[in-house]
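> Build me a model:
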Amino acid sequence: MLKRLVHRAALKAERIADQLFSRTGKGRKIDAYIGYATADQIILRGRVLSRLRHASAVEGQTRLRNLRQMLGMFLTDEVRDVTVRCGNSEAMTDEEGYFTLLLPRDARTGWGTEQVYIEDSEVAAPCLFFVPAVDARFIVISDIDDTMLETGAYSLMRNLYTSFTGNSLTRHVFPDAIDLMNTLSENGRNPVFYVSSSPWNLHDFLSDIFDNTGLVRGPMFLRDLGLSDTKFITDGHGSHKGASIDHILRANPDLPAILLGDTGQHDAQIYRDVIERHKDRIIAVGLRTPGAGIDAQDQRDLDAIAATGVTYSAGPDFAAFAHNVAEKHADLFPANAI
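Numbering: from 1, shown residues only. Sure, this is the predicted structure:
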């Protein structure tokens with residue numbers, strides 16, 4: 001009952017904001033996300049908005065400007081019931097403006113681009129996608145905040161301050177994360193996926209950070225934090241991340257997986273449950289320990305992971321993890337790769 005009341009109040013507030021900020025839905029722009037492949041399809045993803053609020057950062061810009069740019073990313077005006085096309089494939093945007101286009105998979109591997117059009121208009125945008133190589137050894141599925149990118153997600157206030165006062169040039173990616181992902185990906189041979197509780201509004205922002213720092217890019221699975229008549233926000237951190245990992249594993253049925261995360265938001269519990277559901281698919285788990293480090297619950301979950309026989313490591317960096325994986329799974333790594 002209380003949740004329904006909060007839902008109605010929040011929905012009403014959003015509609016008032018639409019009027020105050022002139023979010024009328026008259027424009028048409030495609031906000032494209034990185035797509036991916038299944039065994040027989042290429043999946044293109046994106047969102048139709050009345051305008052795009054992507055703002056490139058410049059050196060030395062103030063925290064106030066950072067804050068304004070970040071808030072602007074969340075003031076989206078979604079356009080529903082719009083048909084988008086790519087070749088012979090078409091899809092209609094949902095009530096939050098999202099679309100998914102399914103293309104037949106061909107012989108292409110690596111990075112590709114397809115042009116997506118809004119029906120009955122000249123609006124178009126290139127949609128990137130990634131298809132694993134035929135000789136891929138494994139896939140890597142990684143969290144972003146406090147695993148790749150220093151955020152402080154284990155503390156709400158620190159997370160908000162870091163997220164809203166920084167920009168794509170000032171945000172700090174862990175150097176060991178860059179080295180590890182370069183090694184694991186083998187120049188694109190092994191596909192990399194990112195699963196995060198960050199909203200889709202930050203897809204372009206995160207992509208800029210990856211490009212600026214040299215962190216290996218890959219398809220992201222983020223969350224929709226929007227409101228609609230039938231939905232109030234989305235699933236929680238754990239359920240979103242677990243469901244996304246399940247989806248990625250189904251899309252790559254013949255490849256084992258390495259999971260990377262951190263203990264700040266209890267990824268050990270999420271990954272323990274993933275191992276239970278996919279006993280023969282997970283070969284290693286690596287966890288960064290930010291903030292206060294490992295608590296009692298994390299330790300119980302790590303003990304449960306260890307009991308499965310899956311290679312794991314938890315520490316302030318990924319140095320020990322990289323060597324453990326290379327030693328125990330030498331068949332998956334070239335000589336002297338790590």
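> Output the below-cut-off pLDDT ranges for the stretch 51-200 of the chain.
The model of the stretch 51-200 of the chain has pLDDT under 70 over residues 153-156, 159, 161.
> ah, wrong one, I meant the stretch 201-338 of the chain
226-238, 334-338.
> surely Arg217 meets Tyr33?
No. Applying Cβ atoms under 8 Å as the test, Arg217 and Tyr33 come out as separate, 11.9 Å apart. All C-beta atoms are positioned from the backbone trio N, CA, C, and that covers glycine.
> Looking at those two, which one has more neighbours?
Neighbour count, other Cβ atoms under 10 Å: between Arg217 and Tyr33, Tyr33 has more, with 24 against 19.
> What's the first helix or strand after the helix or strand encompassing the more buried one?
Per DSSP states H and E: Tyr33 is located in strand 29-37. Downstream of strand 29-37, the next assigned helix or strand under DSSP H and E is strand 41-49.
> tell me what that next one is packed against?
strand 29-37, strand 83-86, strand 98-104, strand 110-118, strand 124-131 (3 or more Cβ pairs under 8 Å, 6 or more residues apart in numbering; DSSP states H and E).
> Mind doing that once more with 10 Å?
Judged by 3 or more Cβ pairs under 10 Å, 6 or more residues apart in numbering; DSSP states H and E, the packing partners of strand 41-49 are strand 29-37, strand 83-86, strand 89-92, strand 98-104, strand 110-118, strand 124-131, helix 203-213.
> winner for burial among the ones you listed?
Burial of the helices and strands packed on strand 41-49 is given as mean neighbour count (mean count of other Cβ atoms under 10 Å); strand 29-37 ranks first at a mean of 22.
> helices or strands next to that one in the packing?
The contact analysis (3+ Cβ pairs under 10 Å, 6+ apart) places strand 29-37 against strand 41-49, strand 98-104, strand 110-118, strand 124-131, strand 192-199, helix 203-213, strand 220-223, helix 237-251.
> residues touching the nearest residue to Pro104 once chain neighbours are set aside, list them.
Closest residue to Pro104 apart from its sequence neighbours, by Cβ to Cβ, 6 or more residues apart in numbering: Gln41 at 6.6 Å. Neighbour list for Gln41: Gly35, Ser89, Leu101, Leu102, Leu103, Pro104, Arg105, Ala251 [criterion: Cβ atoms under 10 Å, 6 or more residues apart in numbering].
> I'd like the residues you listed laid out as TSV, including distance to Ser142.
Shown next, in TSV, are the contacts of Gln41 (distance: Cβ to Cβ, whole Å):
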residue	distance to Ser142
Gly35	18
Ser89	29
Leu101	25
Leu102	25
Leu103	26
Pro104	29
Arg105	24
Ala251	16
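> what's the most distant pair in those residues?
Ser89 and Ala251 (17.4 Å; Cβ to Cβ).
> gap between the two ends of stretch 67-86?
Chord length of stretch 67-86, first to last residue, is 36 Å (Cα to Cα, to the nearest Å).
> Can you give the distance of that stretch from its chain's centre?
In terms of Cα atoms, centre = their mean, to the nearest Å, the centre of stretch 67-86 is set 17 Å apart from its chain centre.
> swap in stretch 187-206?
4 Å.
> coming back round to it: ok, of the contacts of Gln41, which one's closest to His172?
Gly35 (28.2 Å).
> how close does the closest one get to Asn66?
29 Å (Cβ to Cβ, to the nearest Å).
> sorry, back to before: same question for the strand holding Tyr33, mean pLDDT?
Taken as a whole, strand 29-37 has an average pLDDT of 97.
> tell me the angle that strand makes with strand 124-131.
20 degrees (axes from the mean of the first three to the mean of the last three Cα atoms, to 10 degrees).
> Strand 29-37: how far from the chain's middle?
Distance, centroid of strand 29-37 to centroid of chain: 12 Å (Cα atoms, centre = their mean).
> Please tell me I have it right and Ser244 contacts Tyr194.
Yes. Counting by Cβ atoms under 10 Å, Ser244 does reach Tyr194; the two are 9.5 Å apart.
> and those two? which has more neighbours close in?
Neighbour totals were compared for Ser244 and Tyr194, and Tyr194 leads with 28 against 20 (other Cβ under 10 Å).
> can you confirm Asp280 is in a helix?
No. Under DSSP: H, G, I helix; E, B strand; the rest coil, Asp280 falls outside any helix and is assigned coil.
> how deep is it tucked in, by neighbour count?
Quick note: Asp280 (other Cβ under 10 Å) scores 7 neighbours.
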